[in-house]
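Asks: Dropping the sequence and predicted coords here.
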Amino acid sequence: MRLEGLHHITMITGDAQATVAFQADLLGLRLVKKTVNFDAPDAYHLYFGDEQGSPGSILTWFEFAGARPGTAGAGMVHTLQLGVAAEAALGFWTARLAAAGVATERTADGLAFRDHDGLRFELVVDPDGPDLRAKHPEVPAEHAIRGMRGARAYASRPFGADRALLVDTLGFTPTDTPGAYLVEGGGQRFRWAYDASPGHGAPGAGTVHHIAWHARDEDHVAWQQRAGAAGMQVTPVIDRDYFDAIYFRQPQGILFEIATTSPGFAVDEDPAHLGEGLRLPKQHEHLRPQLEQLLTPVADPRTARQEA
């Protein structure tokens, strides 16, 4: 039994429309699902990814309208790494981001920038990783973002504090770099790494809420049992409509999720029209009239281009 790599990463934003503009227009990802937070149905939950909404491509945001900016600190993810196919793509993205007024910085691994909420991203060259692209008329296919490749977090304790959980329980592979691991499976190769903490952080817009690992459907309950046996306080299996999920907070303080493949994002929408309508969790469907009045409509750039 092994994890299939990354499933998704979920963040917080203070402005859903600005997030759609940045992710689905500027970065060229597809808005694959427009729904609401299960626990706070008056808040959007937006999913972005490749054309099919494949695990490993998915970035999601909870919108808490007007949320104050947060700061990444101890026990929090601070950087998301996105894959591109070749060095030439970094030049394309430097120019495209600059034209949109987004500052960039070349790093040892690639090209770093921040979104409108201050969340840090890094484009890394990875020609051999999975090709999880979305289509965008202004982004040539050879330069398109090809899915998630890694995430970096601040360690609230020494880098090895959760080594037993990561390696022995979850099957991460340690690398020669202290605090760095690989999660390999299902055609994915995802890098999980720690950096020394700058101090305490504060949740808010521009911070990561949780990271979700991808498990085969048939292994999900076994992962729940395995994490529990390792001393984690694991939730029951929760139906999230598009996947089943379990959650636990690991020793560094980061909220881990393990999510299944099925049923996927096309379970309630035609694959050609993902993200176009407001989809509600089954337990909140009775609130649709109120929520449609309460939630500020979000315009999808893809739909706007098709209608133009």
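Replies: Sure thing, it's come through.
Asks: Name the single longest helix found in the protein.
Replies: As assigned by DSSP state H, the longest helix anywhere in the chain is helix 87-99.
Asks: Now find how far off-centre that helix is within its chain.
Replies: Averaging C-alpha positions (CA atoms, centre = their mean, to the nearest Å) puts helix 87-99 22 Å from its chain's average.
Asks: Go through it and flag the buried ones.
Replies: Ala89, Leu90, Phe92, Trp93, Thr94, Arg96, Leu97 (16 or more other CB atoms under 10 Å). Where C-beta positions appear, they are placed from N, C-alpha and C, glycine not excepted.
Asks: what residues are up against the first one?
Replies: Put plainly, it is Ala89. The contact partners of Ala89, by CB atoms under 8 Å, 6 or more residues apart in numbering, come to Leu123, Val125, Glu142, His143, Ala144.
Asks: run the last query once more with 10 Å
Replies: 83, 110-111, 123, 125, 127, 139-140, 142-146 (CB atoms under 10 Å, 6 or more residues apart in numbering).
Asks: Please apply the same query to the second one.
Replies: When contacts are counted by CB under 10 Å, 6+ apart, Leu90 is found next to Val84, Thr104, Arg106, Gly110, Leu111, Leu123, Val124, Val125, His143.
Asks: Touching, Arg302 and Arg30? I think so.
Replies: Yes - counting by CB atoms under 10 Å, Arg302 touches Arg30, with 6.9 Å between them.
Asks: Tell me the residues that contact both of those two, please.
Replies: Ala24, Ala134, Lys135, His136, Leu274, Gly275.
Asks: Now do the nearest residue to Leu295 once chain neighbours are set aside against Asp15, distance only.
Replies: Of all residues beyond its chain neighbours, the one nearest Leu295 is Tyr44 (6.4 Å), with distances taken as CB to CB, 6 or more residues apart in numbering. Look at Tyr44 and Asp15: by CB to CB, to the nearest Å, they are 10 Å apart.
Asks: Please enumerate the strands of the stretch 201-308 of the chain.
Replies: In the stretch 201-308 of the chain, the segments counted as strands under DSSP state E, counting those that start in this stretch are 208-215, 238-239, 243-249, 255-263.
Asks: partners of the second one in the sheet?
Replies: Think strand 238-239. strand 243-249 (antiparallel) (DSSP bridges).
Asks: Name the residues of the partner strand that come out as buried.
Replies: In strand 243-249, counting by 16+ other CB under 10 Å, buried: Phe243, Asp244, Ala245, Ile246, Tyr247, Phe248.
Asks: buried subset of the contacts of Leu90?
Replies: For the contacts of Leu90, buried by 16+ other CB under 10 Å: Val84, Thr104, Gly110, Leu111, Leu123, Val124, Val125, His143.
Asks: thinking again about what came up before, now, which of the contacts of Leu90 sits nearest Thr175?
Replies: Val124 (15.0 Å; CB to CB).
Asks: I'd say the closest one and Arg149 touch.
Replies: Yes - counting by CB under 10 Å, Arg149 is a contact partner of Val124 at 5.4 Å.
Asks: hey, what's in contact with both of the two?
Replies: Joint contacts of Val124 and Arg149 (CB under 10 Å, 6+ apart) are Gln81, Leu82, Gly83, Val84, Asp109, Gly110, Arg191.
Asks: looking at these, which has the most residues close by?
Replies: Gly83 (28 neighbours; other CB atoms under 10 Å).
Asks: show me the contacts for that one.
Replies: With CB under 10 Å, 6+ apart, Gly83 has these contacts: 56-57, 89, 110, 123-133, 144-150, 189-190.
Asks: try 8 Å this time
Replies: Leu123, Val124, Val125, Asp126, Gly129, Ile145, Arg146, Gly147, Met148, Arg149.
Asks: SS state for the last one?
Replies: Secondary structure for Arg149, judged by DSSP: H, G, I helix; E, B strand; the rest coil, is strand.
Asks: likewise the fifth one?
Replies: State at Gly129, reduced to three classes by three-state DSSP: coil.
Asks: Secondary structure element holding the closest residue to it other than its chain neighbours?
Replies: The shortest distance from Gly129 to any non-neighbouring residue, by CB to CB, 6+ apart, is to Gly83 (5.0 Å). Assigned by DSSP states H and E, Gly83 belongs to strand 77-84.
Asks: so how far is that strand off the chain centroid?
Replies: Relative to its chain's centre, strand 77-84 lies at 9 Å (CA atoms, centre = their mean).
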